[in-house]
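Q: Sequence and predicted structure below; questions after.
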Amino acid sequence: MIELLLSIQLIIAVLAVTARKELAGVLALGLFSLVSTVLFYLMEAPDVALTEAAVGAGVTTLIFVWVLRHTRSVSGRVR
């Protein structure tokens, strides 16, 4: 099970790096953190899993999406 999740993480990491659109890369990073949460839970570290879910998959993804939307609106006004 852990080997399967690690393989999925590897695929998600490659997709995040090779994504053509910024939003797709950010969402792939959020999914990477979500899979990391499951891995931490399976390795019997529920406190680390909870922190990864809240910070890695939740807050960080939200901040990245907010920054992408904000920079697009600012760059749209400059032109």
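A: Yes, it's here.
Q: so who does Glu3 touch?
A: Glu3 makes no contacts at all, as judged by CB atoms under 8 Å, 6 or more residues apart in numbering. For the C-beta atoms, the positions are set from N, CA and C on the backbone; glycine is no exception.
Q: Secondary structure element holding it?
A: Under the criterion DSSP states H and E, the helix or strand holding Glu3 is helix 2-18.
Q: Just want the angle from the helix or strand just after that helix to helix 2-18.
A: Next along the chain after helix 2-18, taking DSSP H and E as the criterion, comes helix 22-42. Inter-element angle recorded for helix 22-42 and helix 2-18: 160 degrees (by axes from the mean of the first three to the mean of the last three CA atoms, to 10 degrees).
Q: Mind listing what's buried along helix 22-42?
A: 25-40 (16 or more other CB atoms under 10 Å).
Q: hang on, Met1 packs against Leu42?
A: Yes. Met1 is in contact with Leu42 according to CB atoms under 8 Å; the separation is 6.6 Å.
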